[in-house]
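Novice: sequence and predicted structure below; questions after.
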Amino acid sequence: MNNAINLPLVSIITVNYNTAQVTLELLHSLSNISYTNVEIIVVDNASTQNCDSIPQQFKNITFIKNPLNQGFAGGNNRGIEIAKGEICLLINNDTEVEPNFLEPIVNLFQKNANIGIVSAKLLYYNTKNVIQYAGGTPINPFTARGKFIGTGETDTNKYCVEEKTYLAHGAAMAIHKKVFNKIGLLPEMYFLYYEELDFCEHAQNAGFEIWVQPKSVVYHKESMSVGKLSNLKVYYQTRNRLLFIRRNIFGFKGLISRIFYIFVSIPITIIRYLLANQKQYVIMVLKGLVWNFKYKNQPNL
């Protein structure tokens, strides 16, 4: 694959966990891309199901078997550590791509040296013309929530121009190596959810810009590994929203954000699950909250 002379090498990194067939579908999709100077790295996060079919069917990839499940950030970091590319494209294994999706991302990096992160436009795989992501608004310092732009809208010409944005989407996020050199790798303490939002905050604080490139289209099957709603998802989303607040929102705004989350958002969430007779999720919410108090003085958080 690495026969291009003037194109920067792009390291495409994806993480597999018990979804070998889904990963194979992504790799088949990537085998048809028009950008030629790429390396593909697949990190298996200690799958309990056999995933030998991945390196057997795609012998030109680099395949890493993690001894432990290190989550989204840890899995991607193991790939980033060995990546040779000037650009690292982190892409969920539950995605498929358009053949020409990579060129617009690379071109955008080359046009503006201030850009550190570029996300593709994400469309829902099963509907193809419905947007999941076309950019992101800033994280509200009081509620600790951001918003993805375009979600649920039909894909028209409304989002067709590359532009600066505030939040990248971890399902298809290209990162220039200079960002890692300055701020380090993805924050592994999150394990799952919020890690890319945290990384975006730190990248912007370090002076890098984040852009969305709608000419690059990726189709997302969404939550194939975790499920639409599960104990794991509820626990980590609860835990990590407060962890994000602790790591990124300080002073008076940080105090208000903590109060709002603990005394407004959490009770509302618990009531909603109770009314839906989903008591198992209430337990996960409480566990996620307790985790933050248990590790409130942890220096590496």
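Specialist: Yes, it's here.
Novice: need phi/psi at Ile175.
Specialist: The phi/psi pair for Ile175 (degrees, to the nearest 10) reads phi -130, psi 130.
Novice: what count of nearby residues applies to it?
Specialist: 28 (other CB atoms under 10 Å). C-beta here means a position set from N, CA and C on the backbone, and glycine is covered the same way.
Novice: could I get the contacting residues of Phe58?
Specialist: Applying CB atoms under 8 Å, 6 or more residues apart in numbering to Phe58 gives the contacts 24, 27, 31, 40, 42.
Novice: which of those are buried?
Specialist: For these, a burial check counting by 16 or more other CB atoms under 10 Å picks out 24, 27, 40, 42.
Novice: render the CA-only coordinates of the helix or strand harbouring the last one in PDB, please.
Specialist: When elements are defined using DSSP states H and E, Val42 is found to belong to strand 38-44. Output for strand 38-44, consisting of C-alpha atoms alone and laid out as PDB, is shown next (Å, rounded to 0.1, in the frame of the first residue of the first chain):
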ATOM      1  CA  VAL A  38      -1.600   4.100   4.500                       C
ATOM      2  CA  GLU A  39      -0.800   1.500   7.100                       C
ATOM      3  CA  ILE A  40      -3.600  -0.200   8.900                       C
ATOM      4  CA  ILE A  41      -3.300  -1.200  12.600                       C
ATOM      5  CA  VAL A  42      -5.900  -3.400  14.300                       C
ATOM      6  CA  VAL A  43      -5.700  -3.700  18.100                       C
ATOM      7  CA  ASP A  44      -7.600  -6.500  19.600                       C
END
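Novice: quick check: mean pLDDT across that strand?
Specialist: Mean pLDDT, computed over strand 38-44, is 98.
Novice: I would like the residues contacting that strand, please.
Specialist: 1-2, 9-17, 23, 27, 30, 51, 54-55, 58, 60-66, 75-76, 78-79, 82-85, 93, 102.
Novice: which of the residues you listed are buried, as a PyMOL select command?
Specialist: The following PyMOL line selects those of the contacts of strand 38-44 that are buried, judged by 16+ other CB under 10 Å:
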select buried, resi 10+11+12+13+14+15+16+17+23+27+30+51+54+55+58+61+62+63+64+66+75+76+78+79+83+85+93+102
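Novice: how deep is the closest residue to Leu229 other than its chain neighbours tucked in, by neighbour count?
Specialist: Closest residue to Leu229 apart from its sequence neighbours, by CB to CB, 6 or more residues apart in numbering: Tyr281 at 7.7 Å. Tyr281 has 21 neighbours, counted by other CB under 10 Å.
Novice: ok, Tyr281 touching Leu274?
Specialist: No: the pair Tyr281 / Leu274 is not scored as a contact, 9.3 Å apart, by CB atoms under 8 Å.
Novice: which neighbours do the two have in common?
Specialist: Joint contacts of Tyr281 and Leu274 (CB under 8 Å, 6+ apart) do not exist.
Novice: residues in contact with the closest residue in space to Gly146 that isn't next to it in sequence?
Specialist: Counting by CB to CB, 6+ apart, Ile139 is the residue found nearest to Gly146 once chain neighbours are left out, at 4.4 Å. Residues in contact with Ile139 (CB under 8 Å, 6+ apart) are 145-146, 166-167, 197, 201, 244, 248-249.
Novice: quick check: pLDDT value at Ile139.
Specialist: Reading off the confidence values, Ile139 has pLDDT 89.
Novice: any regions of the chain where pLDDT drops low?
Specialist: Per-residue confidence for the chain (pLDDT under 70) gives these ranges: 1-5, 223-227, 298-301.
Novice: which stretches of the stretch 101-250 of the chain form strands?
Specialist: Along the stretch 101-250 of the chain, the segments classed as strands by DSSP state E, counting those that start in this stretch run 115-124, 131-133, 163-165, 172-176, 209-220.
Novice: I'd like the ones you listed laid out as a markdown table, including distance to Leu89.
Specialist: Below are those laid out as a markdown table (distance: least, CB to CB, whole Å):
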| stretch | distance to Leu89 |
| --- | --- |
| strand 115-124 | 9 |
| strand 131-133 | 15 |
| strand 163-165 | 17 |
| strand 172-176 | 5 |
| strand 209-220 | 10 |
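Novice: ok, Glu86 touching Lys177?
Specialist: Yes: Glu86 is in contact with Lys177 according to CB under 8 Å; the separation is 5.7 Å.
Novice: and stretch 14-28, how far from the chain's centre?
Specialist: Stretch 14-28 has its C-alpha centroid displaced from the chain centroid by 16 Å (CA atoms, centre = their mean, to the nearest Å).
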